[in-house]
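Undergrad: Quick one: sequence plus predicted model below, questions after.
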Amino acid sequence: MTISKSADNVHDLIARRRRERDRIPRHAVPDSGVPVSSTQERIWFGEMFNPGFGFYHVPATLRLRGPLDAQALDRALCEVIRRHEILRSTVAEVDGMPVQRVGDAPASVLRSVDLGDEPDAEAEAARMAADDILAPFDLRHGPLWRALLLRLGPDDHVLVLTFHHIVFDDPSFGIVGREVEALYTGAVGGATGTGSGEPMSLPDLDLQYTDFSLWQRERLRTEDVRSRLVDYWRRTLDGVPRLLDLPSDRPRPPHRRRAGRFHRSRLPGDVVASVRAVAREEGTTPFTVLLAAYGVLLSRYAGQADIVTAVPAAGRIRPELEALVGCFINIICLRLDLRGEPTFRELLRRVRHASVEGHDHEEMPFEELVRELHPQRPQSHTPLFQAGLGVRDNDGVFLSLPGVRASEFVPDVEVSHFDLMVDFSVDGDGMAGLWGYNDDLFDPATVEVLAEQFELLVAGACAHPDLPVGDLSLPPAPRPAESGTGGAEGPAAVLAERVRLTPDAPAVTTHAGTPSTGTSTSTYTGTATGTSSTGAPSAVTLTYAELDARAENLAPAVRRGAGPPAADSPDPAVWRYAHLKADVLDGRTEGAGAAPIADLASRIGLGVADTVLTFAPPTSGAFADAVLLALLHGAHLVTAPPEAARDAGRLRGLVADATVVHAPSAAWRLMLREGLPADRPFTALCDAATTPPALARELAAAIPTWTLYGEHWAAAHRVDPLAEPRRGVLLGEALAGTPIEVADRTGRPGAVGVPGEIHVGGTATGDRGRVLPDGSLELLGRFDRMFTVGGFRVDTDELARSLAGRPGVAEAAVDVRHDRLAAYVAGEGIDLTELTAHLPEYQLPGSVTVLDFLPRTAEGHIAHEELPSPEAPGEEGGHVPIEGGTEETVAGIWRELLGVEEIGASDGFLDLGGHSLTLARLSLRYEVAFGVEVELPDLLRHATVREQAALLDERRAQAGLAGEEAAS
């Protein structure tokens, strides 16, 4: 024997003895049960928090064509359930801890329904399958599986198997399929029909799932194992963004409200062939190629180069677990690094390295990882990741019975647990994609576009792997068709014709505001229509002839660069008209300036009989457009000083004769509160960027309402009062003749759905927006109003819109002060505690300052630099003392469970280190101490000492225990 051969034998011996020493031991299951595994614990907690959604149901539905022996199938399924104790298990709560208990084997499991007499048996089968899949499970009493056989015809069946995830995972289907096939074949004798009629026996299992649960718990308490795993993941995920900020269609609610939906796509054979070719070149797998392309897509949408994605891992880390049914699957958080503009090939190598390292440390259960790295448990999204991708190497058909042809049968069941999770599986020479998404956030059309763009990115990346990922192109959003609305004549010519036809018709009425401290270079007189408190005219009206004459006199001064006059004189409208005379229209050519306004007038139905009231500051582009809107169409323009928007009496007088009103949000709030004039309905024009969508919808429920976008109006949207709230602000379509598009970071036209900077007339606006699948525009906020606070990226304009939609708030602004969110509201104020039911936790302001009104710039935007600074949080982090009674009892229970002595009334249970198990124990302690039951979702939604104390007092009052003292 050679030395090398001898050494090999020694190494083999050492390896074999190590495997024997580390082998998972067998344990008897006591009647009291066995603690669940870490993965089961996560699922149990999730089911307690979101009962009835079907998030944790694992279904498989097969169409079986051919002679089927239903009794043999039933016996085979019974034997599989007998063999695998986990399929006979239930999960109960004992002393706040979930434990699994093993029950008896069933005598029959297969429920059969004959649909042969149904007029549309296939449709009825799909309906019944969906109902069966979504029917809730009782974790305490079981069973945690269901088997349904639907007979469509003599040799045509649909088999529906549904398991609860706490006892089953997707890889378990392969085990069940192989065992059922062997048992069924032995019973029916295969194709020859020589079987005994009884299921054959299979060798007993050496291990059961409870053995794994106990072994895993013990192993993760081992210092060297735990420290190796914790150190790796802490180092790998250090500093990652806490939220993947995909541009959702609707704001993220504080709690999940719906079950999710699916979109099905397909990667064609030629694309999959190119994926496999690149994978071979780089010595990696097709999954890695798809994951790298997925990272590029997420990066484009979220505007983030540092991304965490979820990747499912089988979790069967030991060979002896390969034959076990159960819930082993784990979630690996892979960090995708797109920083530094790598080529796709370089990104692929980074992703391959992250994947190899991640799978090498996949033994760390996700629940344990969350405890170690992210003690805060967000209620609005999954911690650490919000999107993921998986690839299966089969087509979903896991069962092959003799003489029976099986194919996948897809009922209408849509359940998705995460913001966005994509699963790919073999589909002929291509791959089928299943895009599960949170429909609290996303519209179906948005996800459909995502899937299409993913295919394009994959194809482009594989065709040009040496291109920087930022240069991988997506087709730009289609540009709106340009229109010649407005005719060949410019606005000056149109106005000249108006003067000729109706010289004595009222053109402009200017209402006086707060007296100006400055002086105007020119003084004009007109028809006084009232007096102010100082005796000066409160309003001056100019006819079209008077307006034209005064503008003619002022035009030479305008050509020499004369500035705008004071706001409380009749000069602003004259000055704007003089610009037309001087052929100067704020950077617009005459044709381009007239076309959008003519388009808007056509949309709202404006004519010579109308009166247009505007509160726009005279120096703003909106004022210039209001002048054009009225005068180009022979209407009467009425200008009001901005401060009149907050005076109820003046508002009533100003809107009395108006048919079109262009006003700020403060005026609309006041008008809605005081009551709109029922006898004189008018059309409302609002600024899209500053009017809260909730306010616009409330206004639209009473009168026709349009939102207008741009310093000069570039897009218009008719507000639908019944529309579901969106995260962004719908801008509608571009007004005719206005070049408006969303550009990527290089200035090139962006793709549909991908956020970028809005450009109007080729000029960047600083506004962040996107083109929606239907071609309309959506404003997402401003690039200079996005901040990172506590690891979360927050668009403060978006948050301000959310606050402005709350009762008692006339308008709102949000800034970042002292490294926390600071809210400013005009109105009655807002209750921070009440906001927890409406906003995700990372958007909750740290302070709220109530003002009479918000300061604004001359253009009407909020003057953030003039907002007062809230008091800095104290050194104790805003510690709020505990008040006696229920609060003290609650705090005492927290101290025992969390091992924390210093607890304030505003502290949160999860913020202090609580997790799923301690939260379950907290519920149990409350039941003992207060005599009332509080469900886990309620404890999460009422997170602080004070909130939980108030909740307990409310429950005790409902139970007639209000007068009793809580037990100590």
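TA: Done, it's in. Numbers count the residues shown, from 1 in each chain.

Undergrad: Reduced to three states, what does the closest residue to E798 other than its chain neighbours come out as?
TA: Closest residue in space to E798, ignoring its immediate chain neighbours: G781 at 5.2 Å, by CB to CB, 6 or more residues apart in numbering. All C-beta atoms are positioned from the backbone trio N, CA, C, and that covers glycine. Assigned with DSSP: H, G, I helix; E, B strand; the rest coil, G781 falls in the strand class.

Undergrad: So G781 sits against L799, correct?
TA: No. Using CB atoms under 8 Å as the test, G781 is too far from L799 to be in contact (9.3 Å).

Undergrad: what sits against the residue nearest to E798?
TA: Counting by CB atoms under 8 Å, 6 or more residues apart in numbering, G781 makes contact with 728, 767-768, 795-798.

Undergrad: Name the SS class of P106, please.
TA: Secondary structure state of P106, per three-state DSSP, is coil.

Undergrad: same check, this time on V91
TA: At V91 the chain is in strand, as set by three-state DSSP.

Undergrad: what's the neighbour count on the nearest residue to it once chain neighbours are set aside?
TA: Distances taken as CB to CB, 6+ apart put L139 closest to V91, at 4.6 Å, once the chain neighbours are dropped. Using other CB atoms under 10 Å, L139 is surrounded by 23 other residues.

Undergrad: ditto for D120
TA: 10.

Undergrad: same question, A135
TA: The tally of other residues near A135 (other CB under 10 Å) stands at 12.

Undergrad: same question, R82
TA: 13.

Undergrad: now swap in the one 3 residues further on and tell me
TA: The burial metric for E85, expressed as a neighbour count using other CB under 10 Å, is 25.

Undergrad: Could you verify my assumption that it touches D104?
TA: No. Counting by CB under 8 Å, E85 stays clear of D104, with 10.7 Å between them.

Undergrad: Please tell me how far stretch 77-92 is from the chain's geometric centre.
TA: 38 Å (CA atoms, centre = their mean, to the nearest Å).

Undergrad: Tell me the span between the first and last residue of that stretch.
TA: Stretch 77-92 has its terminal residues 25 Å apart, counting by CA to CA, to the nearest Å.

Undergrad: Dig out what V729 forms beta bridges with.
TA: Note on V729: beta-bridge partners by DSSP bridges are L779.

Undergrad: Then the one 4 residues further on?
TA: Beta bridges link E733 to A716 when assigned by DSSP bridges.

Undergrad: Could you count how many residues lie near it?
TA: 17.

Undergrad: Please give me every residue in contact with it.
TA: Here E733 is in contact with 480, 715-717, 775-777 (CB under 8 Å, 6+ apart).

Undergrad: nearest to P67, of those?
TA: Nearest to P67 out of these is G775 (CB to CB; 54.2 Å).

Undergrad: Would it be right to say that the closest one lies in a helix?
TA: No. Secondary structure of G775 (three-state DSSP): coil, not part of a helix.

Undergrad: my guess is it meets P478, correct?
TA: Yes. The pair G775 / P478 is scored as a contact, 6.6 Å apart, by CB under 8 Å.

Undergrad: now the helices for the stretch 351-500 of the chain?
TA: 366-373, 444-463, 491-501 (DSSP state H, counting those that start in this stretch).

Undergrad: Out of those helices, which gets nearest to A121?
TA: Closest to A121 of the helices of the stretch 351-500 of the chain is helix 444-463 (CB to CB; 28.4 Å).

Undergrad: which residues touch the closest one?
TA: Against helix 444-463 from outside (CB under 8 Å, 6+ apart): 249, 261, 263, 265, 267-268, 271, 274-275, 277-278, 289-290, 292-294, 296-297, 301, 344, 420, 422, 433, 435, 437, 467, 469, 472-475, 751-754, 772-774.

Undergrad: so of those residues, which ones are in strands?
TA: 261, 263, 265, 267, 420, 422, 433, 435, 437 (DSSP state E).

Undergrad: ok, the fourth one touching F424?
TA: Yes. Here L267 lies in contact with F424, judged by CB under 8 Å, at a distance of 7.1 Å.

Undergrad: low-confidence ranges in the stretch 751-900 of the chain?
TA: Counting by pLDDT under 70, the ranges of the stretch 751-900 of the chain that qualify are 858-860, 871-879.

Undergrad: Do you have the helices of it handy? List them.
TA: Using DSSP H, counting those that start in this stretch, helices in the stretch 751-900 of the chain cover 796-804, 832-835, 886-898.

Undergrad: Could you measure from the closest residue to G436 other than its chain neighbours over to E724?
TA: Among residues not flanking G436 along the chain, S416 sits closest, at 3.2 Å (CB to CB, 6+ apart). Separation of S416 from E724 (CB to CB, to the nearest Å) stands at 19 Å.

Undergrad: Okay, now the unreliable bits of the stretch 251-400 of the chain?
TA: Applying pLDDT under 70 to the stretch 251-400 of the chain flags the ranges 375-378.

Undergrad: ok, which stretches of it are strands?
TA: 261-267, 306-313, 330-337, 387-392 (DSSP state E, counting those that start in this stretch).

Undergrad: Any chance of those in JSON lines with mean neighbour count as columns?
TA: What follows is the strands of the stretch 251-400 of the chain, written out as JSON lines (neighbours: other CB atoms under 10 Å):
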{"stretch": "strand 261-267", "mean neighbour count": "18"}
{"stretch": "strand 306-313", "mean neighbour count": "20"}
{"stretch": "strand 330-337", "mean neighbour count": "22"}
{"stretch": "strand 387-392", "mean neighbour count": "21"}
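
Undergrad: So which of those is nearest T61?
TA: With CB to CB as the measure, strand 261-267 is the member of these nearest T61 (13.7 Å).

Undergrad: re the thing from before, could I get the helices of the stretch 351-500 of the chain as a markdown table with mean neighbour count?
TA: A markdown table is the format used below for the helices of the stretch 351-500 of the chain (neighbours: other CB under 10 Å):
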| stretch | mean neighbour count |
| --- | --- |
| helix 366-373 | 20 |
| helix 444-463 | 20 |
| helix 491-501 | 17 |
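
Undergrad: ok so, going back, what's the closest of the ones in strands among the contacts of helix 444-463 to F909?
TA: The nearest member of the ones in strands among the contacts of helix 444-463 to F909, counting by CB to CB, is L420 at 29.1 Å.

Undergrad: ok, now which ones touch that closest one?
TA: If you count contacts by CB under 8 Å, 6+ apart, then L420 has 246, 386-388, 435-438, 442, 447, 450 around it.

Undergrad: ok, 7 Å please
TA: Neighbouring residues of L420 by CB atoms under 7 Å, 6 or more residues apart in numbering: 246, 387, 437.

Undergrad: among the helices of the stretch 751-900 of the chain, which is the most enclosed?
TA: helix 796-804 (a mean of 24; mean count of other CB atoms under 10 Å).

Undergrad: So what touches that one?
TA: Applying CB under 7 Å, 6+ apart, the external contacts of helix 796-804 come out as 251, 692-693, 695, 727, 781-782, 785, 787, 809, 811-816, 823, 825, 830, 839, 843.

Undergrad: In strands, which of the residues you listed fall?
TA: Counted as lying in strands by DSSP E, out of the contacts of helix 796-804, are 781-782, 787, 809, 811-816, 823, 825.

Undergrad: Can you flag the buried ones in those residues?
TA: 781-782, 809, 811-815, 823, 825 (16 or more other CB atoms under 10 Å).
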